Structures are given as C-alpha cells and as structure tokens.
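Student: pasting the sequence and the predicted coordinates here, then a few questions.
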Amino acid sequence: MKNTLILGGGIGGIVASNILKNVAGDSMQVTVVDRELNHHFAASYPLLMIGQRKPADITRKLTNLKKKNIHVLHQEVQKIDLTGHQVSTNQGVLPFDYLIISLGVEYHTETVPGFTEYALNAYDFDGVRKINQQLNNFSSGRIVFFISSLPYKCPSAPYEIMFLLDQFFRKRGIQNKIELTLVTPDYSPEPLAKPKVGQSVRKMLAEKGIKLITEAKVLRIEEKALILDHDTKIAADLLLGIAPHWTPEVLRKSNLVDSSGFVQVDLHTLETNYPTIYAIGDAAAVKLPVMGAYAPKAGAFAHYQADVVARNIYLLSRGAKPEYTYKGKGT
Ligand SMILES: Cc1cc2nc3c(=O)[nH]c(=O)nc-3n(C[C@H](O)[C@H](O)[C@H](O)COP(=O)(O)OP(=O)(O)OC[C@H]3O[C@@H](n4cnc5c(N)ncnc54)[C@H](O)[C@@H]3O)c2cc1C
C-alpha cells in the first residue's frame, strides 16, 4: 500500500484527501496533518461578520474525515525532508511516498506598525468574531477597510465585505450615518479579471456611496487613522484590515520557495522541483504564462488544484502516467 501525506487540513487538504480516498480506496493510505482540531470555512467569514452565520455553522471537526478512512493527525509540521521523504512534526517523524502541501498562509500583522493595537483582522476567525461584536454596537461613523499588501487571498472578498456592510447598515436604517471606505494597493478591483469586471465593481461601489482608494501603500495604523504613503491620513472610527500574507515558516525555511516567498510549482501539475512532492492552494506560487503574474489565491482554485494532484497521484501509484492538468479553473 502506498502512502500520501497531506500537510494542512484546509480547503486544499480536505478536498485532496477526499478525492484521493474516493479514487484509490484501500490501495492508498491517506493522512491529513493539521495543527488545528477544527476547520473554519473562511468563505463564510463575511457572513459571520454581519451575523448571518454563527461560528458553529462554519466549523467542522477535522476528525470527521476519519469516517472516510482518512487518517487525521493533530500535529504541528516543523520540517520537510524533501529528499529523504519524511516530515518532522512536534510529535515525531512521518514518512511518505507522495506529499501534498496545502499549508495556506500566515498573517503577519506585526509587519504593519499599529495593526495589532488599532485594527481588527478581517481574515482571521477570532478577528471576524470581534468585528461582529463591534458592528452590533456601531451606530454612526467612518469604517475603513484596508488591504495591507499583495498578494492576499480571495481578491473579491474585500468587495463582498463592503457590500455586506452596506446591506447590514441599510437593514438597520442607519446607512446615512455610516461612511464606508475601501483602501487597496491594487490599481483596480479584480485586476486579473477582464477590465469590465473592475469597472462594474467600481460602479456598484459608487452606487452605494462606498469610497474606493486604489494604489494605496499602507505605512502604519494610528488610533483612529490609517496612514498611507506621502503621509496621507484617512480618519476612521473603526479600522478593519487584511494583514500581510506569508507562507508558513516551515516552507520559508525549505528550498521550496521562489523569490515571491511562495512554493514554486509547475503550472499544470502543481509538482514542486522535487518529484512526488506537490503544493496547492494559497501556499503555491502558480505563475501565469501570459502576464508573468501569479494566479490569484482562493479556495476555488485550491479545490481544482487538489483534484488534479489527487488523481495524478493515484495514477502514479498504479504505475500509470499522470494525465490530469490544471487549467486555471475556478469559480
Ligand atoms: C474572508 C475570506 C473570504 C473568502 N472567500 C472565499 C470565497 O468566497 N471563495 C473562495 O474560493 N475562496 C475564498 N477565500 C479564500 C480561501 O479560504 C482560501 O484560499 C483557502 O482556504 C486556501 O486553501 P488552502 O488549503 O491553501 O489553505 P487553508 O484553507 O488556509 O488551510 C491551511 C491549513 O494548514 C494548517 N497549517 C498551517 N501551518 C501548519 C503547520 N506548520 N502545521 C500544521 N498545520 C498547519 C492550518 O491550520 C490550516 O488548516 C476566502 C478567505 C477569506 C479569509
């Protein structure tokens, strides 16, 4: 029996383990390692923020995967031996025939002065719960939502959040007392989509009276103010932000990352420079052939990447040629 180790039980890891177990059955031992006991479904954080979801609605135990005969280990990944084919965790050493890395990103709020003291992290489960409490008591004033730096996952989420905030205050009949501003380093909403997407989003924001500041470089956060390049000061009563995204330390310490800081992979197979070791999801640097840019990071992309990798691993384990290729599919 061959053995596939999956690092990370987030979107990519969960989907990869399910698909691999479905196609390979008892011919493959599938193990998911995660330092958390639960998976929180981040795509529902915007709804959690405005109270349309409860924490329990979007939380599942990773041990649920055991029902499908997938092994689940609650351990912290500390080192990957790329040539010796084993992973060290805080509880021991795990050998593998195939490795799928889906460790996502870490948030580095400390790299933006004042973030921890004066802003709430809108991309973090605990941060989102705090935002929900603050919104329930917010009856007038300025809310500024800022994106600290590129890349950040789910490029559409900040816009979705702004529209939901608008809806939240409209339902309470106090939208006229609230000023919403979105600050982004991008030159346009959704810059990798066709221009008409960005134009439509701009129009929708304008229709709802939501201000958009583009090409912004966040320097620091002060009490009730966001400070941009050129010392531009954006006053705020509530600051919500997206912290800089870094790959997890275990990957940064390895030979896997490219100059972007993310794991270098083949665009079509998601294989790293090391045979039978793959990286998918937010941790992967999927470089687009046309623009030289990196593909956006989102759960939908992680899902389809997981599908390709899981099916190819099964074929390889049977001595067959891998035939699935990732085509940038997402929804
Ligand atoms: C507010 C918000 C809204 C979003 N909305 C959408 C949306 O509508 N559509 C969409 O497609 N995407 C959306 N996303 C993005 C989506 O959630 C991510 O792109 C997706 O989760 C990436 O999957 P992943 O497997 O790469 O990483 P993750 O799902 O983040 O999983 C990584 C896992 O690795 C574990 N881990 C990390 N380091 C270690 C370690 N050293 N040892 C052990 N375990 C470790 C973590 O605990 C985690 O469980 C949204 C994200 C946010 C924050």
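Tutor: Done, it's in. Every value quoted in this text rests on a predicted model; they were computed, and no experiment measured them.
Student: mind listing the strands for the stretch 151-300 of the chain?
Tutor: Ranges of strands in the stretch 151-300 of the chain, per DSSP state E, counting those that start in this stretch, are 178-183, 211-213, 218-222, 225-228, 232-235, 238-242, 245-246, 263-264, 277-279, 284-285.
Student: I'd like the ones you listed as TSV, with mean pLDDT, distance to K203 and mean neighbour count appended.
Tutor: To be clear about C-beta, it is placed using only N, CA and C from the backbone, and glycine gets the same treatment. What follows is these, written out as TSV (pLDDT from 0 to 100; distance: least, CB to CB, whole Å; neighbours: other CB atoms under 10 Å):
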stretch	mean pLDDT	distance to K203	mean neighbour count
strand 178-183	98	14	21
strand 211-213	98	11	16
strand 218-222	98	25	19
strand 225-228	98	24	19
strand 232-235	97	22	14
strand 238-242	98	23	24
strand 245-246	98	28	19
strand 263-264	98	37	22
strand 277-279	98	37	28
strand 284-285	97	33	26
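Student: could you export those strands as JSON lines, including distance to R35?
Tutor: Formatted as JSON lines, the strands of the stretch 151-300 of the chain follow (distance: least, CB to CB, whole Å):
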{"stretch": "strand 178-183", "distance to R35": "32"}
{"stretch": "strand 211-213", "distance to R35": "36"}
{"stretch": "strand 218-222", "distance to R35": "28"}
{"stretch": "strand 225-228", "distance to R35": "32"}
{"stretch": "strand 232-235", "distance to R35": "36"}
{"stretch": "strand 238-242", "distance to R35": "22"}
{"stretch": "strand 245-246", "distance to R35": "16"}
{"stretch": "strand 263-264", "distance to R35": "18"}
{"stretch": "strand 277-279", "distance to R35": "18"}
{"stretch": "strand 284-285", "distance to R35": "19"}
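Student: any chance of the ones you listed in a markdown table, plus distance to the ligand?
Tutor: Output for those, formatted as a markdown table (distance: least, CB to the nearest ligand atom, whole Å):
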| stretch | distance to the ligand |
| --- | --- |
| strand 178-183 | 14 |
| strand 211-213 | 18 |
| strand 218-222 | 18 |
| strand 225-228 | 19 |
| strand 232-235 | 21 |
| strand 238-242 | 8 |
| strand 245-246 | 10 |
| strand 263-264 | 10 |
| strand 277-279 | 9 |
| strand 284-285 | 8 |
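Student: which stretch among these comes nearest R252?
Tutor: strand 245-246 (7.0 Å; CB to CB).
Student: ok, the closest one: who's next to it in the sheet?
Tutor: Strand 245-246 has the following sheet partners, assigned by DSSP bridges: strand 106-107 (antiparallel).
Student: and the strand it pairs with, does that touch the ligand?
Tutor: No. Using CB under 6 Å from any ligand atom, strand 106-107 never reaches the ligand; the gap is at least 7.2 Å.
Student: ok, stretch 142-150 next?
Tutor: No. Stretch 142-150 does not reach the ligand (CB under 6 Å from any ligand atom); its nearest approach is 11.3 Å.
Student: list the buried residues in that stretch.
Tutor: 142-148 (16 or more other CB atoms under 10 Å).
Student: report the backbone C-alpha coordinates of it in PDB.
Tutor: Output of stretch 142-150 as PDB, limited to C-alpha atoms (Å, rounded to 0.1, in the frame of the first residue of the first chain):
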ATOM      1  CA  ARG A 142     -16.400  56.000   9.500                       C
ATOM      2  CA  ILE A 143     -15.400  52.400   8.800                       C
ATOM      3  CA  VAL A 144     -12.200  52.000   6.800                       C
ATOM      4  CA  PHE A 145     -11.300  48.600   5.400                       C
ATOM      5  CA  PHE A 146      -7.700  48.300   4.200                       C
ATOM      6  CA  ILE A 147      -5.600  45.700   2.400                       C
ATOM      7  CA  SER A 148      -2.000  45.900   3.800                       C
ATOM      8  CA  SER A 149      -0.200  44.400   0.900                       C
ATOM      9  CA  LEU A 150      -0.200  42.000  -2.100                       C
END
